[in-house]
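1. fold the following, please.
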Amino acid sequence: MAKKKSKSQSVKATEASTNVVEALRLVVADSYALLAQTHICHWNVRGPSFFALHAAFEEQYTELFSAIDEIAERIRALGSLAPGGLGNLAKMAGSKEIAEDSSATQMVEHLLEVNKKLVSDLKNARDAAGDAGDDQTEDLMIARIQVHEKTIWMLNSYLA
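-> Prediction:
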């Protein structure tokens, strides 16, 4: 026979689910900001590293597009609405935008910082999911952390 949840257990579960959704919404906003800024870098990079960075930036923003869709769909699967609107997403993310005339090195430095912020917010989402017993979201966040930590390593290697 299934145990009935007490009212306080239900409230705690609802709070935990709300925390997961809010954390995921921020991850979507951060990811979208990173995608847009990486795309700007792809368009505007110049100099001796043009070919390598142009290709690397394209790979990064293309991968991000699919990832954002998966995260937004997870929010929907949890019964909430995914955030949208460029202005709203930018406000939520709170990331400083890259100047169009930035040098290749400035672009890499900027994208490094935006990736670091995203990893921090991914870890918060992972932890919220763990607290809520939401293994699927926790696994998704762990996978995203791995992608962005690898990107951070690559960007750092370029700057070395």
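
2. next up, the contacts around the most centrally placed residue in the chain.
-> Note on the chain: the residue nearest the mean C-alpha position is Ser31, at 3.5 Å, using Cα atoms, centre = their mean. Residues in contact with Ser31 (Cβ atoms under 8 Å, 6 or more residues apart in numbering) are 64, 67-68, 71, 118. Backbone N, C-alpha and C define where each C-beta goes, glycine included.

3. measure Ser31 to Ala52 for me?
-> 23 Å (Cβ to Cβ, to the nearest Å).

4. who are the packing partners of the helix or strand that contains Glu59?
-> For Glu59, the element it lies in under DSSP states H and E is helix 50-77. Packing partners of helix 50-77 (3 or more Cβ pairs under 8 Å, 6 or more residues apart in numbering; DSSP states H and E): helix 7-44, helix 104-132, helix 135-159.

5. mean pLDDT lowest for which of these?
-> Least confident of the helices and strands packed on helix 50-77, judged by mean pLDDT, is helix 7-44 with a mean of 86.

6. list the buried residues for that helix?
-> 16-17, 19-21, 23-42, 44 (16 or more other Cβ atoms under 10 Å).

7. ditto for stretch 44-60
-> So for stretch 44-60, counting by 16+ other Cβ under 10 Å, buried means 44-45, 49, 53-54, 56-57, 60.

8. residues in contact with it?
-> Applying Cβ under 8 Å, 6+ apart, the set of residues contacting stretch 44-60 is 38-39, 41-42, 100-104, 107-108, 111, 151, 154, 158.

9. just the buried members of those residues?
-> Using 16+ other Cβ under 10 Å, the buried members of those are 38-39, 41-42, 102, 104, 107-108, 111, 151, 158.

10. hang on, the earlier thing: and the helices and strands packed on helix 50-77: which comes nearest Arg76?
-> Nearest to Arg76, of all those, is helix 7-44, at 10.0 Å by Cβ to Cβ.

11. run the chain-centre distance for that closest one.
-> Relative to the centre of its chain, helix 7-44 is centred 7 Å away, using Cα atoms, centre = their mean, to the nearest Å.
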